[in-house]
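Participant: sequence and computational prediction follow.
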Amino acid sequence: MYLPPKYTKCDCGHFPKLKIITKKPVSPSQSEIEANKRNRSAKLKVVERI
């Protein structure tokens, strides 16, 4: 369950176990798309396990 930064703890006592590294998804570059057409729809989200 994701909790926005202003909420550090929910009512059930759950603490976030992931730290978000990239706020927006990373899209492939134009050269990557030309090398592999299926890369067009790829979106990379980066998190770090705490």
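Facilitator: That came through fine. As the structure is a computational prediction, the values presented were derived from the model and not from experiment.
Participant: please make it C-alpha for all contacts and neighbour counts, starting now.
Facilitator: Will do.
Participant: in space, what's closest to residue 47 - neighbours in sequence excluded?
Facilitator: Leaving aside its chain neighbours, residue 47 sits nearest to residue 20 (4.5 Å; criterion: Cα to Cα, 6 or more residues apart in numbering).
Participant: didn't the one you found look like it was pressed against residue 50?
Facilitator: No. Look at residue 20 against residue 50 with Cα atoms under 8 Å: they stay out of range, at 10.2 Å.
Participant: the two: who's more crowded?
Facilitator: Set residue 20 next to residue 50 and count neighbours by other Cα atoms under 10 Å: residue 20 wins out with 12 against 7.
Participant: what distance do you get for that one to residue 43?
Facilitator: For residue 20, the distance to residue 43 (Cα to Cα, to the nearest Å) stands at 15 Å.
Participant: how about the contacts made by the residue nearest to the spatial centre of the chain?
Facilitator: Central residue of the chain (Cα atoms, centre = their mean): residue 45, 3.0 Å from the mean position. The contact partners of residue 45, by Cα atoms under 8 Å, 6 or more residues apart in numbering, come to 22, 23, 24, 25, 26.
Participant: contacts only, for residue 18.
Facilitator: By Cα under 8 Å, 6+ apart, the contact set of residue 18 is 47, 48, 49, 50.
Participant: not counting sequence-adjacent ones, nearest residue to the third one?
Facilitator: The spatially closest residue to residue 49, leaving aside those adjacent along the chain, is residue 18, at 4.6 Å (Cα to Cα, 6+ apart).
Participant: pLDDT averaged over the helix or strand harbouring residue 31 - what is it?
Facilitator: Taking DSSP states H and E as the criterion, residue 31 maps to helix 30-35. Across helix 30-35, pLDDT averages out at 94.
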